[in-house]
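[1] What follows is a protein structure lacking sequence information:
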């Protein structure tokens, strides 16, 4: 045995998995454009205090509903005479937060629960999945409204409401992928090696489940933004005069006959950002596929 | 981690007694149909040290379930196993971790049995790491094993499963199974999915490894020619039961059970003069939920008589070391074609 186990030249470690993913992403034009658009939106939101031309809260009765392209106000002004460009930039901060945070929470909670349910299987799985089906029975908008309504308006409460809406969906995807992976023979082989359940889940199952769940969750970001906007629109999320795209859409709705292009601007921002997340997640999905 | 031989060469390495596994068949709204498939129904055999026991039978006869029961990937509903004198899974017996260090398995589907996100080396090194080897020691062991199964580590070590051919993947699987220096390998259709030429290479590798490491094989296959080549003894299964066990030469030359005869007659011959005129077995295997009474083979057996429906034939040793479960073979069974008992 000694001869066989004598030191040999180890092959050079392969270039990292994530650097490979990044490389493939850079070669995907659609994902690249989507990523750039998101980057612009993100930068505009993060650096709004330095980049924005005006004060987002400063109203003026004289400059109400000025059209797009007015001198000094490139995107016009809202119903209280505040600069639209500034408010859209500031609005991105809350809207992006409300889009990403609930999905991030739901991703963490949902993947753990789904992995556990899928790997353990049997009655435990049944109990967990049937309990979550109760949440599934409500349309997600209704559930978000009901939870946010019960908890009361406010940003943290709508974060909780949205997380609750997404957890069952993420669990379901994670559970079904885990159930499939669990039946594959490499999991049996890992069990044969005497590894414990946690080690098998962490080292053999997780990596193969994370990809599909991650892609699904990225798709939820746009849904979350739209739902969050909806909550704000209904007065359950962010309160005026805080700038947020959903809330802006709500308050500008009265101006839709006077200046429809202006009223559509916050909606366009939601649309562009959602599309960006969706297209980027499509790109990440194909880049994460090892076989390409 | 080297395994020691404790019972001496006379003690069987693995003794399986009355192993059984029933799967509940779900029917009705709440799955209370109460029906069961007896996938493995009272299987007993032993595997001697250093031998290769071939297991053959049609698909669905319980070969793979038996393998998974022995590997303890499935929980048996009944029966016991003794590994070199130690009860497996019983109180005071062998710990599962020790058992698995001694007994490893190579699966049929070389692709499904490799994690698509792990390189060949990482796959092989996983087990030793679980057993407490340091990361570099485990890698070192994986590299030498990879070299031993005929894959140059610097070329193949960092490849993912989809970058390997079927034969190469199966070599990685074999290397992984050898990572603990086990005493016994279960090969569940391990070469079935490979091309004939690659199959021969892998079979030769298995023979070399066996001689080099004193391994014992449980070789499960539906390919009678491969079993003939590799096995020392052969066990024939039909619908969850053992119908015949015997030394490979005797079993192939003088099969005692009509089912074994039919199986052997179905093997295509290279000799045109021995071409089979009609298929030796007609019909599908019966529904395992509701197997025929008495002998399970009787509704496809050309020799079936009334006694076959009434009594379950037991495994009897007719020639030394050659056992068969057939009334035809038993002078006392009352079967008209059975040999007359000499008093």
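    Received it, and whenever you're ready, just let me know what you need. These numbers were taken from a predicted model, which means no experiment stands behind them.
[2] C-alpha only now, for contacts and for neighbours.
    Will do.
[3] Now do stretch A:56-68, average pLDDT.
    Averaging pLDDT along stretch A:56-68 gives 75.
[4] Any buried residues in it, and which?
    A:56, A:59, A:63, A:64, A:65, A:66, A:67, A:68 (16 or more other Cα atoms under 10 Å in any protein chain shown).
[5] pLDDT score assigned to residue 278?
    Since you didn't name a chain, this refers to chain A. So, for residue A:278, pLDDT stands at 86.
[6] my bad, the chain I had in mind was chain B
    On the pLDDT scale, residue B:278 gets 59.
[7] and if you look at residue A:1?
    40.
[8] Count the neighbours of the nearest residue to residue B:152 once chain neighbours are set aside for me.
    Distances taken as Cα to Cα, 6 or more residues apart in numbering or on different chains put residue B:146 closest to residue B:152, at 6.8 Å, once the chain neighbours are dropped. When neighbours are counted by other Cα atoms under 10 Å in any protein chain shown, residue B:146 registers 26.
[9] close enough to count as contact, residue B:146 and residue B:157?
    Yes: taking contacts as Cα atoms under 8 Å, residue B:146 lies within contact range of residue B:157: 7.4 Å.
[10] overlap in contacts of those two?
    residue B:121 (Cα atoms under 8 Å, 6 or more residues apart in numbering or on different chains).
[11] ok now do residue B:251, which residues does it touch?
    B:234, B:245, B:322.
[12] how far out from the middle of the chain is stretch B:316-323?
    20 Å (Cα atoms, centre = their mean, to the nearest Å).
[13] er, stretch A:229-238 actually
    So, by Cα atoms, centre = their mean, the centroid of stretch A:229-238 is 18 Å from its chain's centroid.
[14] Residues in contact with that stretch: which ones?
    A:95, A:144-145, A:148-149, A:152-155, A:157-158, A:228, A:239, A:244-247, A:249-250.
[15] Sort out which residues of the helix or strand containing residue A:100 are buried, please.
    Element membership of residue A:100 [criterion: DSSP states H and E] is helix A:84-120. Using 16+ other Cα under 10 Å as the test for burial, helix A:84-120 gives A:84-107, A:109-119.
[16] so what does it touch, helix or strand wise?
    Applying 3 or more Cα pairs under 8 Å, 6 or more residues apart in numbering or on different chains; DSSP states H and E, one finds that helix A:84-120 contacts helix A:29-46, helix A:48-51, helix A:122-136, helix A:155-182, helix A:206-233, helix A:245-252.
[17] separation between the residue nearest to residue B:152 and chain A?
    Separation of residue B:146 from chain A (Cα to the nearest Cα, to the nearest Å): 11 Å.
[18] Tell me the first helix or strand C-terminal of the helix or strand harbouring that residue.
    Element membership of residue B:146 [criterion: DSSP H and E] is helix B:135-148. For helix B:135-148, the succeeding helix or strand toward the C-terminus, using DSSP H and E, is helix B:153-156.
[19] At the geometric centre of the chain, which residue sits there?
    I went with chain A, as the question did not name one. Computing the C-alpha centroid of chain A and ranking residues by Cα atoms, centre = their mean puts residue A:221 first, at 2.5 Å.
[20] you looked at the wrong chain, it should be chain B
    Centre-most residue of chain B, counting by Cα atoms, centre = their mean: residue B:220, 3.3 Å.
[21] shouldn't it be in contact with residue B:192?
    No: if you go by Cα under 8 Å, residue B:220 and residue B:192 don't touch, sitting 9.6 Å apart.
[22] since we're on the nearest residue to residue A:73 once chain neighbours are set aside, how many residues are nearby?
    Nearest residue to residue A:73 in three dimensions, chain neighbours excluded: residue A:83, at 6.3 Å (Cα to Cα, 6+ apart). Residue A:83: 29 surrounding residues under other Cα under 10 Å.
[23] And residue A:83, how far from residue B:207?
    81 Å (Cα to Cα, to the nearest Å).
[24] ditto for residue B:149
    For residue B:149, the distance to residue B:207 - Cα to Cα - is 12 Å.
[25] So which of the two has more stuff around it?
    Neighbours were counted for residue B:149 and for residue B:207 using other Cα under 10 Å; residue B:149 has more, 21 against 15.
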